[in-house]
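K.L.:
What shape does this take:
(chains A and B)
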Amino acid sequence: MKQITVNGEPRDVAEGTTLAQLVEALGQAPQALATAVNGEFIARDARATVHLAEGDAVFTFQPITGG
Amino acid sequence: MALRIAGIELESRFFLGTAGYPSPQVLQDAIVSSGTQVVTVGLKRQLAAGGGPGDFYKLIRESGAHLLPNTAGCRSAREAVTLARMARELFGTNWIKLEVVGDEYTLQPDPFELVDAARTLARDGFEVFPYCTDDLVTCQRLLDAGCRILMPWGAPIGSGQGLLNPTALRTLRARLPDVPLVVDAGIGSPKDAVQAMELGYDAVLLNSAVAQAHDPVVMARAFRLAIESGRLAYEAGVMAKQEMAVPTTPVTGRPFVL
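P.N.:
I've put the predicted structure just below:
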């Protein structure tokens, strides 16, 4: 297991878990959110190639109203 | 006369923010009554798993207006660049309202981080709409960085103070005659929008002045009329002011000399 954070909350993930798998585990449709790992944007198509490492900080963003 | 901006033609010169409305229905009605073709949207970090976009966002999407996502909340170029890339994927547009705040109290844009982020994003294929101060040299640097549009503030965000420095805005218009200029932030009442348009600005972006009105739907229409009116006045040419009275009726001297 590796410990990461998802939107600031600690979370354990299995060795070799990809960002795409994490998004699925979060119960989110892949196109419903945008992702970044350690402050860098990870495009939807690249999520399956990103393997999460110990201490990674994952952020997911969704659309909201704005000024 | 239509506005050509970022490669498209717009009939409306009113860009409307979508935050802070009392209900999704009021927002939807305000968008319609404003006549806007460009609405701003944002991104929020998800706090808990689950839960998709709310009703507000669905209605915005259905409005058919062009989406202008912002990078609200960013304090550095790096943050803004990452958020802009997320917005491009999430909203399916290369337009980005670039906001990088440098001061917590005034929410004044940080010109250095803004130029830095603008350069990276313009190179990356974004159409950057920078929310900037009214400083001429900062604006010139943003153009050098690849921006084709500028959005100087009228007053601090959400303050409703109107155009605090018309002289600076006039200078920008005079020095950058071919650049689309949009007054963004600080507009409180329709008269502020008229003033911005009479200065020759190409469009106005506002949010709180409509969202916080007692009746946002009617206020959206008031701003629509104000922006059209100010634009027409600019195109028609406002008369020169005179120090003294000048008789209007073409009489010959006094009627009777009694």
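K.L.:
Which residue is the nearest non-sequential neighbour of the residue in chain A positioned nearest to chain B?
P.N.:
Closest approach between chain A and chain B, counting by CB to the nearest CB: A:Gly66, at 2.7 Å. C-beta: built from backbone N, CA, C; applies to glycine. Among residues not flanking A:Gly66 along the chain, B:Gly42 sits closest, at 2.7 Å (CB to CB, 6 or more residues apart in numbering or on different chains).
K.L.:
partners of the helix or strand containing that neighbour in the sheet?
P.N.:
Taking DSSP states H and E as the definition, one finds B:Gly42 inside strand B:38-45. Its sheet considered, strand B:38-45 pairs with strand A:57-65 (antiparallel), strand B:14-17 (parallel), strand B:66-69 (parallel) by DSSP bridges.
K.L.:
ok and the residue in chain B nearest chain A?
P.N.:
For chain B, CB to the nearest CB, closest residue to chain A: B:Gly42, 2.7 Å.
K.L.:
is that residue in a bridge, and if so with what?
P.N.:
Under the criterion used (DSSP bridges), B:Gly42 bridges to A:Ile64.
K.L.:
so what's B:Ile60 closest to, chain neighbours aside?
P.N.:
B:Thr18 is the one closest to B:Ile60 (CB to CB, 6+ apart), at 5.5 Å.
K.L.:
residues contacting that neighbour?
P.N.:
Contacts for B:Thr18 (CB atoms under 8 Å, 6 or more residues apart in numbering or on different chains) come out as A:Thr65, A:Gly66, A:Gly67, B:Leu27, B:Ile31, B:Val39, B:Thr40, B:Val41, B:Phe56, B:Ile60, B:Asn207.
K.L.:
For it, what are phi and psi?
P.N.:
phi -110, psi 10 (degrees, to the nearest 10).
K.L.:
What residues does chain A have near chain B?
P.N.:
Contact residues (CB under 8 Å from any CB of the partner chain) of chain A with chain B: A:6-7, A:26-29, A:32-36, A:39-41, A:43-44, A:59-67.
K.L.:
Out of these, which end up buried?
P.N.:
Buried residues within the residues of chain A next to chain B, counting neighbours by 16 or more other CB atoms under 10 Å in any protein chain shown: A:6-7, A:26, A:28, A:33-36, A:41, A:44, A:59-67.
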